[in-house]
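J.: 3D, please:
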Amino acid sequence: MNSLAVILSLIALVVGLGLGWLLRGKSVAPLAAEKADLADKLDIASAQRNAALQELVVAQERTAQAAELAQKLETERSAREVAARELAALRSDTQARAEAFEAQIAALKDAKEQLSAQFSEIGGKLLHQAQSHFLERADQRMAQAHEKSEAQLKQLLHPVNETIQRYDQKITQIEQQRTEAYGILRGEIESMKTGQEAVRAEAQRLVDSLRHAPKARGRWGEQQLRNVLETCGLSEHVDFETEVSVEGEDGRLRPDAILRVPGGRALVIDAKVSLNAYQDAYGAESDEEKKRFLSAHTAAMRAHVETLGRKSYADQFDEAPDYVIMFVPGEHFLSAALEHDPQLWDYAFGKRVLLATPTNLIAIARTVAAVWRQEKMADEAKRIGALGKELYERLAAAAGSLKKLGNRLNGAVADYNSFVGSFESRVLVTGRKLRDLNIETGGKELEELEPVEALVREPASAEAVRALPEALPDAAE
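T.: Residues are numbered from 1 along each chain as shown. As a prediction, this is how the structure comes out:
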């Protein structure tokens, strides 16, 4: 307020001095202008004064607020000092409590370790005693069950072992027969070559002696036929028959041989020898003469074909095919005729006659013999298949018995575990309560019972038993 009064006084003084100066030195007209100017300046000064007054009011308000804030600051400082003292006291109290709590924890840990050691010692003794007793009883029962199951298993597997032994013997026997058959086949091929050469030499040697003896030629042809069949491993009265007679429309028919074929079929074979014309042809001195004798030889061969075609052996033997085999006991006889008459083969085939030399007939006979051996091995394989089926049925029965035995053992284990759980939860609890009442128990502790976790394992050979039916069809084939 003092500063404001000073300012107002200075302003009034300045205004008065200005007015006096103006009144002394100037006229009225200029004074009016100056008056207006001074009035404007006065307004400006008044506005400045008002602004100064407003600033003064604001300054006074700020001064009052500053005093209030200083008072609050002092109050807060006092409260802070009180809080600091309380915090220090709380920290001291907390530290003391923490130290006491740590001491209690250490004491509890010591007590816990002592109790744990005591409980571990007592529990170990009880567990060891219970396990020992249980293992002894389990060993006894398992030994009894093992002996009983082993005896039952041996009894069940005894016929299986016998069947397996028979099966192995049959397999070994068949394999030996197969090996021998292949060896025999190789030997027979070699003997066929040797026999063919021997047949050719024998034919050449006998030509002269058979030239003028038709009956001898017939017997020689039949003997050559029998030799060829027997050379191939075929037996008379078993695989083939000779001199079989049947009554036909044209009289009695007597083929030289009937060759039996697997499947109930038969091949009719008749031996025909055309020797004279052939011998004359190869003894001729000129080509024309040779051609004439070869024509006669070919005509004789055609006559034999015509004769066999008319006999209709297929109509007299139900098991025979629609053709008959004409056996020519010399390669050169047939080759000479075919060389002179290439249509002879087709002509014979049209008459349902097949021309066969020793070479061709050996191939046919060996094929028949091989088929008979295969038929025999097929029969053996069928018997092996039957044995395998029987073996599988017995193995299946044994596996079923084993499975039932395993299920019973698993059921016994489950019953034992159920009894252990019930005994633990209902009986042992009451017994421990009696012990806690300090009742005299004779110094014996209740043993802890553990459940049995082991399960019966399936036989390791189950896959082999399941795979056996898949192997049986292969063995039968």
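
J.: The longest helix along the chain packs against which elements?
T.: What stands out as the longest helix in the chain, according to DSSP state H, is helix 28-210. Packed against helix 28-210 by the contact rule (3 or more Cβ pairs under 8 Å, 6 or more residues apart in numbering; DSSP states H and E) you find helix 2-25, helix 214-231, helix 331-340, helix 358-422. C-betas here are computed from N, CA, C, even on glycine.

J.: Could you list every helix and strand in contact with the last one?
T.: The elements that helix 358-422 packs onto, with contact taken as 3+ Cβ pairs under 8 Å, 6+ apart, are helix 28-210, helix 214-231, strand 257-261, strand 265-271, strand 324-327, helix 462-476.

J.: export those to CSV and tack on distance to Val413 and mean neighbour count?
T.: Formatted as CSV, the helices and strands packed on helix 358-422 follow (distance: least, Cβ to Cβ, whole Å; neighbours: other Cβ atoms under 10 Å):
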stretch, distance to Val413, mean neighbour count
helix 28-210, 10, 12
helix 214-231, 73, 18
strand 257-261, 66, 20
strand 265-271, 66, 23
strand 324-327, 77, 24
helix 462-476, 21, 12
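
J.: Nearest approach to Ala414 belongs to which of these?
T.: Closest of the helices and strands packed on helix 358-422 to Ala414 is helix 28-210, at 14.8 Å (criterion: Cβ to Cβ).

J.: That closest one to helix 214-231, inter-axis angle?
T.: Going by axes from the mean of the first three to the mean of the last three Cα atoms, to 10 degrees, helix 28-210 is angled at 140 degrees with respect to helix 214-231.

J.: Run the chain-centre distance for helix 28-210.
T.: Here helix 28-210 is found 34 Å from its chain centre; the criterion is Cα atoms, centre = their mean, to the nearest Å.

J.: Stretch 373-392 now?
T.: Relative to its chain's centre, stretch 373-392 lies at 29 Å (Cα atoms, centre = their mean).

J.: mind listing what's buried in that stretch?
T.: Of all the residues in stretch 373-392, those buried under the rule 16 or more other Cβ atoms under 10 Å are Arg373, Glu380, Ala381, Ile384, Gly385, Leu387, Gly388, Leu391, Tyr392.

J.: Closest one of the residues you listed to Lys154?
T.: Using Cβ to Cβ, Leu391 is the member of the buried residues of stretch 373-392 that lies nearest Lys154, at 17.2 Å.

J.: Can you check the pLDDT for that closest one?
T.: Among the per-residue scores, Leu391 holds a pLDDT of 82.

J.: Could you pull up the residues touching it?
T.: Val160, Thr163, Ile164, Tyr167, Leu468 (Cβ atoms under 8 Å, 6 or more residues apart in numbering).

J.: re earlier: Throw the helices and strands packed on helix 28-210 into JSON lines and include distance to Ser78, thanks.
T.: Below are these laid out as JSON lines (distance: least, Cβ to Cβ, whole Å):
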{"stretch": "helix 2-25", "distance to Ser78": "35"}
{"stretch": "helix 214-231", "distance to Ser78": "142"}
{"stretch": "helix 331-340", "distance to Ser78": "148"}
{"stretch": "helix 358-422", "distance to Ser78": "73"}
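
J.: Out of these, which gets the lowest mean score?
T.: Among the helices and strands packed on helix 28-210, helix 2-25 carries the lowest mean pLDDT, a mean of 62.

J.: closest to Ile269 among the contacts of Leu391?
T.: Nearest to Ile269, judged by Cβ to Cβ, of the contacts of Leu391 is Tyr167 at 41.7 Å.

J.: Contact partners for the closest one?
T.: By Cβ under 8 Å, 6+ apart, the residues touching Tyr167 are Ile384, Leu387, Gly388, Leu391.

J.: likewise Glu241?
T.: Listed by Cβ under 8 Å, 6+ apart, the contact set of Glu241 reads Ala257, Ile258, Arg260.

J.: Check those residues against Ser274 and report the nearest one.
T.: Ala257 (18.9 Å).

J.: Please work out the average pLDDT along stretch 286-296.
T.: 83.

J.: just checking, Met191 touches Glu230?
T.: If you look again at residue 191, you'll see it is Ser, not Met. No: using Cβ atoms under 8 Å, Ser191 is not in contact with Glu230, being 11.5 Å away.

J.: before we move on, back to that, what inclination does the longest helix of the chain have with respect to helix 331-340?
T.: 110 degrees.

J.: Who is the closest residue in space to Thr242 that isn't next to it in sequence paired with across the strands?
T.: Excluding the flanking residues, the one nearest Thr242 by Cβ to Cβ, 6 or more residues apart in numbering is Ala257, at 5.2 Å. On the basis of DSSP bridges, Ala257 is bridged to Thr242, Ile269.

J.: quick one: contacts for Ala257?
T.: Residues counted as contacts of Ala257 (Cβ under 8 Å, 6+ apart) are Glu222, Leu225, Arg226, Leu229, Phe240, Glu241, Thr242, Val268, Ile269, Asp270, Ala271.

J.: The fifth one is in contact with Ile258, isn't it?
T.: If I follow you right, that is Phe240. Yes: applying Cβ under 8 Å as the test, Phe240 and Ile258 come out as touching, 6.3 Å apart.

J.: do you know how far the residue nearest to Thr242 is from Asp168?
T.: Noted for Ala257: a distance of 42 Å to Asp168, by Cβ to Cβ, to the nearest Å.

J.: cool, and Val324?
T.: In terms of Cβ to Cβ, Val324 sits 47 Å off from Asp168.

J.: coming back round to it: just put the buried residues of stretch 373-392 in CSV and tack on distance to Arg217.
T.: Putting the buried residues of stretch 373-392 into CSV (distance: Cβ to Cβ, whole Å) gives the following:
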residue, distance to Arg217
Arg373, 34
Glu380, 44
Ala381, 46
Ile384, 50
Gly385, 51
Leu387, 54
Gly388, 56
Leu391, 60
Tyr392, 62
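
J.: Kind regards, and thank you for your time.
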